[in-house]
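**Student:** Let me see the structure of the following:
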Amino acid sequence: MISQYLGFDSDYIIIGLLAMVLLLLVLIIVNIVQMKKLKKNYRIFMSGKDAENLEDILVKRLDQVDSLIQKNEANEQDIKVLHENMTQTYQKMGLIKYDAFHEMGGKMSFSLAMLNVKNNGFVINAMHTREGCYTYIKEIVDGNSIIMLSEEEQEALNRAMGISEETESRE
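**Tutor:** The predicted structure is shown next:
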């Protein structure tokens, strides 16, 4: 009766639908087998080794990460404090030994420049004579002194600031 309305035999439709049902059953069976394998692998993966499961490992690693973050923050604070303190320390030095009085022999006198990162500091000049040793200090601000520097003191200051004699002679 249906074949009269459609114009072809309904047996072909039933055979086609039966083939589709069989194909879908095969796909379902394959899917079930794959799911069982996946569940088995998942259980093995989650069980871990030595009866330690993955969740415990993850919690332990996350605790370690938190600890590392805290230690890193502490290190950053320490570095900041050290950096601030470094600006107050004398980091640059220039030393010139010389013979203040040529009759003395030997370079017993010296000029020592000590500067911080901003070229602030001092120059100490120690002049050795037969009668004793005379020491003078001159303040340095931004790489300059208010008081006139001797040749040796200026050379010590230039060394501390990293200025070579060639650079100075070109200026």
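**Student:** pretty sure residue 157 is in contact with residue 149, am I right?
**Tutor:** Yes: here residue 157 lies in contact with residue 149, judged by C-beta atoms under 8 Å, at a distance of 6.5 Å. Backbone N, C-alpha and C define where each C-beta goes, glycine included.
**Student:** residues in contact with the most centrally placed residue in the chain?
**Tutor:** Most central in the chain under C-alpha atoms, centre = their mean is residue 76, positioned 9.9 Å from the mean C-alpha point. By C-beta atoms under 8 Å, 6 or more residues apart in numbering, the contact set of residue 76 is empty.
**Student:** Look up the closest residue to residue 129, ignoring the ones flanking it.
**Tutor:** Among residues not flanking residue 129 along the chain, residue 101 sits closest, at 6.1 Å (C-beta to C-beta, 6 or more residues apart in numbering).
**Student:** can you count the residues close to that neighbour?
**Tutor:** When neighbours are defined as other C-beta atoms under 10 Å, residue 101 has 12 of them.
**Student:** and whatever helix or strand residue 69 lives in, how far from the chain's centre?
**Tutor:** Element membership of residue 69, judged by DSSP states H and E, is helix 54-86. Averaged C-alpha coordinates place helix 54-86 at 13 Å from its chain's average position (C-alpha atoms, centre = their mean, to the nearest Å).
**Student:** So what touches stretch 106-115?
**Tutor:** Under the contact criterion C-beta under 8 Å, 6+ apart, stretch 106-115 has outside partners 90-100, 121-128, 140, 143, 150, 152-153, 155-157, 159-161.
**Student:** which ones among those residues are found in strands?
**Tutor:** Secondary structure defined by DSSP state E assigns 92-98, 121-128, 140 of those to strands.
**Student:** Top of the residues you listed by number of neighbours, please.
**Tutor:** Once you tally neighbours by other C-beta under 10 Å, residue 123 ends up highest among these, having 26 neighbours.
**Student:** Beta-bridge partners for that one, please?
**Tutor:** Residue 123 has these beta-bridge partners by DSSP bridges: residue 113, residue 138.
**Student:** for it, what are its contacts?
**Tutor:** For residue 123, the contacting residues are 111-114, 137-138, 140, 145, 149, 153, 156-157, by C-beta under 8 Å, 6+ apart.
**Student:** List just the nearest of those residues to residue 47.
**Tutor:** Ranked by distance to residue 47 (C-beta to C-beta), these are led by residue 114 at 66.5 Å.
**Student:** ok, and the closest non-adjacent residue to the closest one?
**Tutor:** Leaving aside its sequence neighbours, residue 114 sits nearest to residue 90 (C-beta to C-beta, 6+ apart; 4.2 Å).
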